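# Following is a predicted model, sequence given first.
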Amino acid sequence: MHPARPRPRPHSLSRRAVLIVGGLLLAAIASLLVAGMTGSIALAPAELPAALGQVLRGQPDSLVATLLELRAGRALTAFVTGGALALAGVMMQALLRNPLADPYVLGISAGASVGALLALLLACAAATVDAAALGGAVAVSMLLFLFARRDMRGGVAAEGGTSMLLLTGVILSSACMAMITLMLSIAPEGRLRSMVFWMIGDLAGAPLRPLPWIVLGAALVYALRSARAMNILALHAEAAATLGIRVGALRKGLFFVSAVLTASAVTSAGAIGFIGLIIPHACRFAFGPDHRVLIPAAVLGGGGFLVLCDTLARTVVAPTQLPVGAITALIGAPVFLYQLHRLRK
């Protein structure tokens, strides 16, 4: 007889999770340091401690401290935006049971773009643009829920329900894109550039605000508390209800939280694509499908990735700044094709 295979130790998963999350946390901090030092005027590592102390005291007295304060605010906004998009992607992929799903396919970001571009077309203030973007995202989310609310309740018709939700999102996204095209076609020349940059995704004028961090923190707590249920839903969707999972409540929670995360990210930096698609999928390939590890890994990976992309966007052809959405698309498209090829194999 073959000897019995030893069972994994109870703390093996926690040790592995700590190592993965700790490594990604160090990588995210490194990306923030690179963003702070890189620019038209490069900062030396030896200058950072004194400048950081001035920034933390709220008294940036030197040029180095002023530059660090400006770059740090933009980098932190990029980090929270990328983390929110990646976490929304993980939730959407768990909801649709499709590793290639993306929060943008449901049209939530397109709805936010309609609201924001309408406010820009009417020359509204920045606060009104943010409120209009949030209103557009909420409106599309409510329409999605109304159309698919019966399919979101139970666990038997999981495939049909998620397919209907996906199809409804694609149709709403197409309608929103038609409205965006109409607004761009009638926009005056003076406002067209800002509208295009916002639609592609731009962090140049994004302020550092506490609300996106609060949204990301609350969503992260919810996701981690639902991680075991998400694992069961992914592996045993048909029998999830018999295993004690409240499938309807879980689906509704994943839908609403991912919608709020997407709306928060879009109102902060515009429509930035591919992060919610490639980051969760890359983390799943690298670290496995366990959501207890995948969720924090995706948040840290998405935040660090967008920080590095934004650093490229503002330095590659400096002093001209590129929209960060174009950088994520240029990087994300070949990465997605490679992931799709690996998935087929």
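Noted; the coordinates are in hand.
# Could you check the helix or strand hosting Lys252 and say which residues are buried?
Here Lys252 is covered by helix 247-269, with elements defined by DSSP states H and E. By neighbour count on 16 or more other C-beta atoms under 10 Å, the buried set for helix 247-269 is 247-248, 250-255, 257-269. (Glycine included, C-beta is placed from N, CA and C.)
# Could you identify the helix or strand that succeeds that helix?
Helix 247-269 is succeeded, C-terminally, by helix 275-287 (DSSP H and E).
# can you pull out the helices in the stretch 201-345 of the chain?
Remark: helices assigned in the stretch 201-345 of the chain by DSSP state H, counting those that start in this stretch are 210-225, 227-235, 247-269, 275-287, 291-315, 324-344.
# Just say which of those helices is most tucked in.
Looking across the helices of the stretch 201-345 of the chain with neighbours counted as mean count of other C-beta atoms under 10 Å, the highest average goes to helix 291-315: a mean of 26.
# ok and that helix relative to helix 275-287, angle-wise?
Relative orientation of helix 291-315 and helix 275-287, computed by axes from the mean of the first three to the mean of the last three C-alpha atoms, to 10 degrees: 130 degrees.
# Looking at helix 291-315 now, give me its mean pLDDT.
Averaging pLDDT along helix 291-315 yields 93.
# can you start the count at 833 instead of 1 from here on
Right, with 833 as the first residue, what we last looked at is helix 1123-1147.
# what is the orientation angle of that helix with helix 1042-1057?
150 degrees.
# Can you name every helix or strand that helix 1123-1147 contacts?
Here helix 1123-1147 touches helix 844-869, helix 895-928, helix 1042-1057, helix 1059-1067, helix 1107-1119, helix 1156-1176, going by 3 or more C-beta pairs under 8 Å, 6 or more residues apart in numbering; DSSP states H and E.
# Apply 6 Å and report the result again.
Contact here means 3 or more C-beta pairs under 6 Å, 6 or more residues apart in numbering; DSSP states H and E; on that basis helix 1123-1147 packs against helix 844-869, helix 895-928, helix 1059-1067, helix 1107-1119, helix 1156-1176.
# Give the rounded mean pLDDT of the third one.
For helix 1059-1067, the mean per-residue pLDDT is 82.
# Also the longest one?
On average, the pLDDT along helix 895-928 is 88.
# list the buried ones in it?
896-897, 899-901, 903-904, 906-928.
# So what's the gap between stretch 938-956 and the chain middle?
Centre-to-centre, stretch 938-956 and its host chain are 18 Å apart (C-alpha atoms, centre = their mean, to the nearest Å).
# what comes into contact with that stretch?
Under the criterion C-beta atoms under 6 Å, 6 or more residues apart in numbering, residues 960-961, 964-965, 967-969, 971-973, 1001, 1004-1005, 1008-1009, 1011-1012, 1015, 1019, 1023, 1027, 1030-1031, 1091, 1094-1095, 1098, 1103 lie in contact with stretch 938-956.
# Gly1134 versus the residue minimising distance to the centre of the chain, what's the distance?
With distances taken as C-alpha atoms, centre = their mean, the residue of the chain nearest its centroid is Leu917 (0.7 Å). Computed with C-beta to C-beta, to the nearest Å, the distance linking Leu917 and Gly1134 is 6 Å.
# overlap in contacts of the two?
Shared contacts of Leu917 and Gly1134, defined by C-beta under 6 Å, 6+ apart, comprise Ile1107.
# With adjacent residues omitted, what lies nearest to Ala1130?
Distances taken as C-beta to C-beta, 6 or more residues apart in numbering place Ala918 nearest to Ala1130, at 4.2 Å, with adjacent residues excluded.
# Ok, Arg848 next?
What sits nearest to Arg848 in space, not counting adjacent residues and going by C-beta to C-beta, 6+ apart, is Val1125, at 7.2 Å.
# swap in Pro1151?
Ser872 (5.8 Å).
# pLDDT score assigned to the one you found?
So Ser872 comes in at 76 (pLDDT).
# Kindly report the same for Pro1112.
pLDDT recorded at Pro1112 is 91.
# The one 4 residues further on too?
With respect to pLDDT, Arg1116 has a value of 88.
# And it, how close does it get to Ala918?
12 Å.
# same deal with Ala942?
Distance of Ala942 to Ala918, given as C-beta to C-beta: 19 Å.
# Quick check: which ranges of this protein have low pLDDT?
Filtered on pLDDT under 70, the chain yields the residue ranges 833-845, 932, 980-995, 1068-1076, 1175-1177.
# who's in contact with Pro1044?
Counting by C-beta under 6 Å, 6+ apart, Pro1044 touches Val912, Ser1096, Ser1100.
# you'd agree the last one is up against Gly915?
This means Ser1100. No - the criterion here is C-beta atoms under 6 Å, and Ser1100 misses it with Gly915 at 11.2 Å.
# From what I see, the residue nearest to the centre of the chain and Ile1107 are in contact.
Yes - using C-beta under 6 Å, Leu917 is in contact with Ile1107, at 4.2 Å.
# Identify the contacts common to the two.
Common neighbours of Leu917 and Ile1107, counting by C-beta under 6 Å, 6+ apart, are Gly1134.
# so who does Phe1148 touch?
Residue 1148: Val, not Phe. Under the criterion of C-beta under 6 Å, 6+ apart, Val1148 has no neighbours.
# Look up how far Asp1142 lies from it.
Here Val1148 is placed at a distance of 11 Å from Asp1142 (C-beta to C-beta).
# what do you get for Ala1050?
24 Å.
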